[in-house]
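Trainee: Got a predicted structure here, sequence first:
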Amino acid sequence: MSRASLDKQPHEVAAMFDDVAAKYDLTNDVLTAGQARLWRRAVAAAVDARPGEKVLDLAAGTGTSSLPFVEAGAFTVPCDFSLGMLREGKQRHPWMPFLAGDGTRLPFADATFDAVTISFGLRNISEVDAALAEMRRVTKPGGRVVICEFSQPTWAPFRTVYMQYLMRALPSIARQVSSNPDAYVYLAESIREWPDQPALAARLQDAGWSRVAWRNLTGGIVALHRGFCPKD
């Protein structure tokens with residue numbers, strides 16, 4: 001799997017994340033110059049988890065993204081298809097109910113969760129539209145989805161510089177801090193190939209989500225998309 005434009009085979013993507021699990025959070029902090037922590041806080045605010053709610057955190061990796069929802073008092077299920085990530089997360093947070101799951105075939109009943117969220121994982125799912133529909137299926141009527149994903153910077157000159165960083169500097173930096181730097185070549189290409197903000201919003205609407213909106217973070221490097229499961 002050398003280019004993001006090729007079909008994403010789930011077992012290959014999972015194996016890639018297995019390889020980088022131990023240093024994944026550290027690598028993200030380095031590659032984003034600490035912005036990843038700010039983005040997690042923005043996700044937590046958008047999800048707005050409350051005591052007694054049920055939250056599904058997809059592509060949760062080691063569970064770092066799940067902690068704010070737990071701290072807010074919500075019953076939180078960190079779910080990922082990388083067993084390596086789940087093992088690393090269980091070692092760090094043995095009390096969390098980590099669960100292996102495929103985003104296109106979630107192992108939950110209809111209308112289970114008050115909120116479903118996924119950060120930096122949607123573009124790694126082989127069938128994105130199926131995953132968006134599955135998220136809606138397991139969300140209660142009136143519940144919400146929050147997607148945090150790399151997107152397209154809105155200012156053209158900055159976008160050019162950013163793309164050069166992705167394809168040149170990012171793999172070089174990853175070689176210094178990651179256990180599998182080749183994985184970050186794929187990740188850079190997957191970011192470059194990912195739909196822009198309006199295109200992802202349209203796919204959410206096609207999957208049945210209502211009141212879809214997005215907010216740019218860090219000049220559009222990242223976008224938060226939110227939608228609601230219709231009550232009717």
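Mentor: Nice, thanks for sending it over.

Trainee: Quick one: distance of stretch 58-68 to the chain centre.
Mentor: Distance of stretch 58-68 from the chain centroid (C-alpha atoms, centre = their mean, to the nearest Å) equals 9 Å.

Trainee: same question, stretch 102-112
Mentor: The answer for stretch 102-112 is 16 Å, by C-alpha atoms, centre = their mean.

Trainee: Check stretch 67-82 too.
Mentor: In terms of C-alpha atoms, centre = their mean, the centre of stretch 67-82 is found 13 Å from the chain centre.

Trainee: Could you export that stretch as PDB, CA atoms only?
Mentor: What follows is stretch 67-82, C-alpha atoms only, in PDB (Å, rounded to 0.1, in the frame of the first residue of the first chain):
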ATOM      1  CA  LEU A  67     -10.200  10.600  28.100                       C
ATOM      2  CA  PRO A  68     -12.100  13.900  27.900                       C
ATOM      3  CA  PHE A  69     -15.400  12.100  27.500                       C
ATOM      4  CA  VAL A  70     -14.700   9.800  30.400                       C
ATOM      5  CA  GLU A  71     -13.700  12.800  32.600                       C
ATOM      6  CA  ALA A  72     -17.000  14.500  31.600                       C
ATOM      7  CA  GLY A  73     -18.800  11.500  33.100                       C
ATOM      8  CA  ALA A  74     -19.900   9.700  30.000                       C
ATOM      9  CA  PHE A  75     -19.700   6.000  29.500                       C
ATOM     10  CA  THR A  76     -17.200   5.800  26.700                       C
ATOM     11  CA  VAL A  77     -16.300   3.000  24.400                       C
ATOM     12  CA  PRO A  78     -12.900   3.300  22.700                       C
ATOM     13  CA  CYS A  79     -13.100   1.300  19.400                       C
ATOM     14  CA  ASP A  80     -10.400   0.600  16.900                       C
ATOM     15  CA  PHE A  81      -9.500  -2.000  14.300                       C
ATOM     16  CA  SER A  82      -5.800  -2.100  15.200                       C
END
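
Trainee: Flag every buried residue along it.
Mentor: 67-70, 72, 74-82 (16 or more other C-beta atoms under 10 Å). Backbone N, C-alpha and C define where each C-beta goes, glycine included.

Trainee: Show me where the protein has its helices.
Mentor: Under the criterion DSSP state H, the chain contains helices at 10-20, 24-31, 35-47, 67-71, 83-92, 128-137, 156-164, 170-177, 181-193, 197-206.

Trainee: for the first one, what is the average pLDDT?
Mentor: Okay, so that is helix 10-20. Averaging pLDDT along helix 10-20 gives 61.

Trainee: And the fifth one, by the same measure?
Mentor: Per-region confidence: helix 83-92 scores 92 on mean pLDDT.

Trainee: Would you mind listing the outside residues contacting the lengthiest strand in the chain?
Mentor: Counting residues, the longest strand in the chain under DSSP state E turns out to be strand 139-150. For strand 139-150, contacts defined as C-beta atoms under 8 Å, 6 or more residues apart in numbering pick out 39, 42-43, 46-47, 111-120, 122-123, 135-136, 191, 194, 200, 204, 209, 221-232.

Trainee: Strands - which of these land there?
Mentor: Here DSSP E is the test, and these give 113-119, 222-228 as lying in strands.

Trainee: All set now, cheers.
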